[in-house]
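> this one's sequence-less:
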């Protein structure tokens with residue numbers, strides 16, 4: 001597995017296109033999220049010039065995992081789209097807190113399994129560790145995320161210290177929660 005990270009200006013356009021196509025395949029086609037996409041590319045208002053991407057590829061260069069890192073000092077998914085997951089608390093807004101979003105690690109070229117299998121694969125663990133290191137290199141001490149409940153097991157299993165920012169809530173039929181993860 002090869003991991004590449006950087007802002008869109010630092011990454012090659014073909015890799016950015018493969019990443020957006022991969023996200024569409026995971027989040028829209030496999031998980032059934034209702035997202036507005038064009039040309040089977042999943043990008044939204046949080047894919048900006050200052051967005052940092054962490055992309056895992058297999059030996060053939062196929063995207064097998066992705067994560068998006070956003071500074072919480074600018075608009076981000078939890079604060080703008082899912083503030084109800086914070087249980088009335090203000091959304092983090094600090095240079096040492098970054099958001100981890102669009103985290104996925106499904107290898108479509110490997111054996112097929114359920115969407116939940118992504119929470120136990122070595123790709124997932126490596127990608128989460130790489131995202132944490134990447135965020136720390138940009139000054140983060142913590143990451144916040146909106147995630148399905150299975151992520152809690154992943155965080156415990158991989159030794160990440162985390163805590164819920166509010167109780168789980170069902171959003172569009174999916175139980176989600178917000179949590180804070182200490183970078184390591």
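Yes, it's here. Owing to the predicted nature of the structure, the values given are computational and were not obtained by experimental measurement.

> where along this structure do the helices fall?
For the chain, helices defined by DSSP state H occupy the ranges 13-23, 77-80, 122-137, 150-157.

> List the buried residues in the shortest one.
By that I understand helix 77-80. 77, 78, 79 (16 or more other Cβ atoms under 10 Å). Bear in mind the C-beta positions are built from the backbone N, C-alpha and C, glycine included.

> okay if I get those residues as JSON lines plus distance to residue 121?
Below are the buried residues of helix 77-80 laid out as JSON lines (distance: Cβ to Cβ, whole Å):
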{"residue": "77", "distance to residue 121": "23"}
{"residue": "78", "distance to residue 121": "25"}
{"residue": "79", "distance to residue 121": "29"}
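
> which one in the protein is furthest away from the centre?
Residue farthest from the centre of the chain, counting by Cα atoms, centre = their mean, is residue 88 at 23.1 Å.

> Quick one: residues contacting the residue nearest to that residue when sequence neighbours are not counted.
In space, and not counting its chain neighbours, residue 88 is closest to residue 166: 7.9 Å by Cβ to Cβ, 6 or more residues apart in numbering. Counting by Cβ atoms under 8 Å, 6 or more residues apart in numbering, residue 166 touches 84, 85, 86, 87, 88, 89, 177, 178.

> Which of those residues ranks first by neighbour count?
Highest neighbour count within the contacts of residue 166: residue 178, with 26 neighbours (other Cβ atoms under 10 Å).
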